[in-house]
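> structure, please.
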Amino acid sequence: MVTGEIVLHRDGPLATLVITNPAKRNAMTAAMWAALPGILDTLAGDASMRVLVLAGAGGTFCAGADITEAAAIARAGDESLAVAAERALADFPRPTIARIDGFCVGGGCQLAVACDLRVAGESARFGVPPAKLGIVYPPATTRRLAALVGPSRAKLLLYTAELFDAAAAERWGLADLVVPDGNLAATVDDLAATIAARSQLTLRAAKAVLGDRPVPEQSEAEMAEGIAAFGARRAPQFRWA
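Numbers count the residues shown, from 1 in each chain. Sure, this is the predicted structure:
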């Protein structure tokens, strides 16, 4: 019996991965953590895919790691399946967007932070609760959180283990956009479509620079198309993938 899975949906250049374990508010099982890097590796090899959205099924993003497996994940620290999945998501070469509704807690927050952008519904709730469980949050994950929201906000999240609303998350940089719940899917779809229409060379170069990885070389053809399209007041037809 499948107790949880990562479901892939494709719509042209957009790929959506849906965290699906509704009986446990989309908690991530060990099998789900283990599956994510392979799914991402396959998508990275698909030249037609341009933007990845990570979402949760049934109105909840992800309530964290499955509590029955939390101890084993905690003992593994930076070598855990959860950190490997987080790293694979952060290293994914295309732009990534977390579409956050409902709870984004613990391992769910870990995955959201690993995405490039986070768009939340106004009723979303964020939290990092290891201090309620006596668990040491993985060092790599802690550093990634602090790099996004700053050391003081990371300490507030980690020290209190409380839930914070979407407005606070937006103020802290944990959410990039907060929109009415009913507009969340459409907002993310529009954002993904905008990004998919841009030069993939430019986007990958920006992601590489910000991730301290090798930067692709400039393409004269890509640049010539962008300049020509701008002069002609038409949409560019970028070829680099």
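> please state the offset of stretch 87-99 from the chain centre?
For stretch 87-99, the separation from the chain centroid amounts to 5 Å (computed by C-alpha atoms, centre = their mean, to the nearest Å).
> need the residues that contact it.
For stretch 87-99, the surrounding residues in contact (C-beta atoms under 8 Å, 6 or more residues apart in numbering) are 16, 36-37, 40-41, 43-44, 49-55, 61, 104, 111-112, 114-119, 140, 144, 184-185, 188, 191-192, 195, 200, 203-204, 207, 211, 213. Backbone N, C-alpha and C define where each C-beta goes, glycine included.
> show me where the protein has strands.
Assigned by DSSP state E, the chain shows strands spanning 5-11, 14-20, 51-56, 96-100, 103-105, 117-121, 125-127, 164-165, 177-179.
> the last one pairs with which strands?
Read it as strand 177-179. In the sheet, strand 177-179 lines up against strand 117-121 (parallel) (DSSP bridges).
> buried ones in the strand it pairs with?
For strand 117-121, the buried set under the neighbour-count rule, 16 or more other C-beta atoms under 10 Å, comprises 117-121.
> picking that back up, closest to L148 out of the strands of the chain?
Nearest of the strands of the chain to L148, taken as C-beta to C-beta: strand 117-121 at 9.1 Å.
> check the contacts of stretch 87-99 for burial and list the buried ones.
Counted by 16+ other C-beta under 10 Å, the contacts of stretch 87-99 give 16, 36-37, 40, 43, 49-55, 61, 104, 111-112, 114-119, 140, 144, 184-185, 188, 191-192, 195, 200, 203-204, 207 as buried.
> need the pLDDT of the residue most central in space within the chain.
Of all residues in the chain, the one closest to the mean position by C-alpha atoms, centre = their mean is C115, 2.7 Å from it. According to the prediction, C115 has pLDDT 98.
> model confidence over the longest helix along the chain, on average?
In the chain, assigned by DSSP state H, the helix with the most residues is helix 30-44. For helix 30-44, the mean per-residue pLDDT is 96.
> kindly report the same for stretch 49-65.
Here the average pLDDT along stretch 49-65 is 96.
> how distant is it from the center of its chain?
Distance of stretch 49-65 from the chain centroid (C-alpha atoms, centre = their mean) equals 8 Å.
> who's in contact with the longest helix of the chain?
Residues outside helix 30-44 that contact it (C-beta under 8 Å, 6+ apart) are 4-6, 8, 15, 17, 19, 21, 49, 52, 65-66, 69, 72-73, 80-82, 84-85, 88-89, 92-94, 107.
> show me the shaky parts of the chain.
Low-confidence segments of the chain (pLDDT under 70): 1-2, 71, 74, 77-78, 212, 215-220, 222-230, 238, 240-241.
> the helices in it, which residues?
30-44, 70-76, 81-90, 107-114, 130-133, 139-149, 151-160, 166-172, 184-196, 200-210, 220-232.
> for those helices, give me TSV that also has distance to A98.
Below are these laid out as TSV (distance: least, C-beta to C-beta, whole Å):
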stretch	distance to A98
helix 30-44	13
helix 70-76	20
helix 81-90	9
helix 107-114	4
helix 130-133	20
helix 139-149	12
helix 151-160	16
helix 166-172	11
helix 184-196	9
helix 200-210	15
helix 220-232	28
